[in-house]
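Have a look at this prediction, sequence included:
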Amino acid sequence: MSFPVHRPRRLRNNKVIRAMFRETQLRPEDFIYPMFVTFGRGVRKKITSMPGCFQLSVDEAVKEAHKAYKLGIPAVLLFGIPEHKDERGSGAYSDKGVVQKAVRAIKDKIPELVVITDVCLCEYTNHGHCGIVKNGKILNDPTLELLAKEALSHAKAGADIVAPSDMMDGRVAILRDTLDAQGFEDIPIMSYAAKYASAFYSPFREAAESSPKFGDRRSYQMDPPNRREALKEVALDIEEGADIVMVKPAMSYLDIISDIKDTFDIPVAAYNVSGEYSMVKAAAKLGWIDEKKIIMEVLISIKRAGADIILTYFAMDAVKELNK
């Protein structure tokens, strides 16, 4: 039977009915709020390509994290911008590093907030790449030891979850082995499992001061045309001990999110990245779009594709809309 017996519009008649039968829901618990932590005190430096986002000193990061927590956002993700950089990214795994200090400060003031740390070297190296460089080549295996040191230093500082974003082969396994050997077997690993070499990262590189000084990251991040390869990357990370797998970016890779959700029985995260954020902000500033409606439509599309959790700079704006 079809029309006139079946009329799908019956369930769209008014706001209440639409809400009752809505297939996908957003909640404050669905979001992780990324933050950029830098050295100094009282620092709240605007990121010009990401309006509304800032580089924050540790004291300011605690205040920002508290705002997120009060809104009901369960977790923050920390990126660090060190005062000094070197070839081996030593600031990434220093006990006195800026992320380590921020983790301790946030957990001290807001112990219930989940603190996730990005595990990578790119913000800390003077060449801007995510691993050790020799003769212009990014070396995989020598980098793993440094990533393990970084993750361990974060766990010792009090991080609840570590999130390797480097895309070196085998890094989940060495992080799992290192954490377990040091008594941190209960710390989950949220792996950037399907991280593509995307042009959508450009504003982030200003925010994290992590632009490569030569070449690009295509030898280790995934090739955007590839779909099946994402399933291989995820399968390997799960085998190595990942507890959560992530797709990055989100908006242009909704098919990848959906594929992973349909294939694996594991929580799926998706990163609504800086370029996706900045495009919305720029169009809204020009008056071309309704910013609040676009934000919610973007985020619901990511959730609808299969993401269990969404990392987004829109987190606080979205929760304010949900709470209206």
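Okay, I see it.

for Asp262, what are its contacts?
The contact partners of Asp262, by C-beta atoms under 8 Å, 6 or more residues apart in numbering, come to Gly306. Quick note: C-beta positions are derived from backbone N, CA and C, even for glycine.

does it sit in a helix or strand, and which one?
If you go by DSSP states H and E, Asp262 is part of helix 254-263.

What of Ile310?
Using DSSP H and E, Ile310 sits within strand 309-312.

Moving C-terminal from that strand, which element do we reach first?
helix 315-322.

Give the rounded mean pLDDT of that following helix.
Averaging pLDDT along helix 315-322 yields 97.

so where's the stretch 151-300 of the chain shaky on pLDDT?
Nowhere does the stretch 151-300 of the chain drop to pLDDT under 70.

Kindly recompute the last result at 90.
204-219 (pLDDT under 90).

Mind jotting down where the strands sit in it?
Per DSSP state E, counting those that start in this stretch, the stretch 151-300 of the chain carries strands over the ranges 161-164, 190-195, 244-248, 268-272.

just to revisit the earlier point, tell me the gap between the helix holding Asp262 and the middle of its chain.
The chain centroid and the centroid of helix 254-263 are separated by 17 Å under C-alpha atoms, centre = their mean, to the nearest Å.

re earlier: would you mind giving the strands of the stretch 151-300 of the chain as JSON lines with mean neighbour count and distance to Leu121 added?
Converted to JSON lines, these look like this (neighbours: other C-beta atoms under 10 Å; distance: least, C-beta to C-beta, whole Å):
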{"stretch": "strand 161-164", "mean neighbour count": "25", "distance to Leu121": "11"}
{"stretch": "strand 190-195", "mean neighbour count": "28", "distance to Leu121": "14"}
{"stretch": "strand 244-248", "mean neighbour count": "26", "distance to Leu121": "17"}
{"stretch": "strand 268-272", "mean neighbour count": "27", "distance to Leu121": "18"}
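
mind putting these in TSV, distance to Gly287 included?
Listed next are the strands of the stretch 151-300 of the chain as TSV, based on distance: least, C-beta to C-beta, whole Å:
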stretch	distance to Gly287
strand 161-164	36
strand 190-195	34
strand 244-248	30
strand 268-272	22
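
Out of those, which is closest to Val99?
Ranking the strands of the stretch 151-300 of the chain by proximity to Val99 (C-beta to C-beta) places strand 161-164 first, at 10.7 Å.

packing partners for the closest one?
Using 3 or more C-beta pairs under 8 Å, 6 or more residues apart in numbering; DSSP states H and E, the elements in contact with strand 161-164 are strand 114-119, helix 141-157, helix 171-181, strand 190-195.

The strand holding Ile310 pairs with which strands?
Strand pairing for strand 309-312, determined by DSSP bridges: strand 31-38 (parallel), strand 268-272 (parallel).

Could you export those as TSV, including distance to Lys285?
Listed next are the strands paired with strand 309-312 as TSV, based on distance: least, C-beta to C-beta, whole Å:
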stretch	distance to Lys285
strand 31-38	21
strand 268-272	19
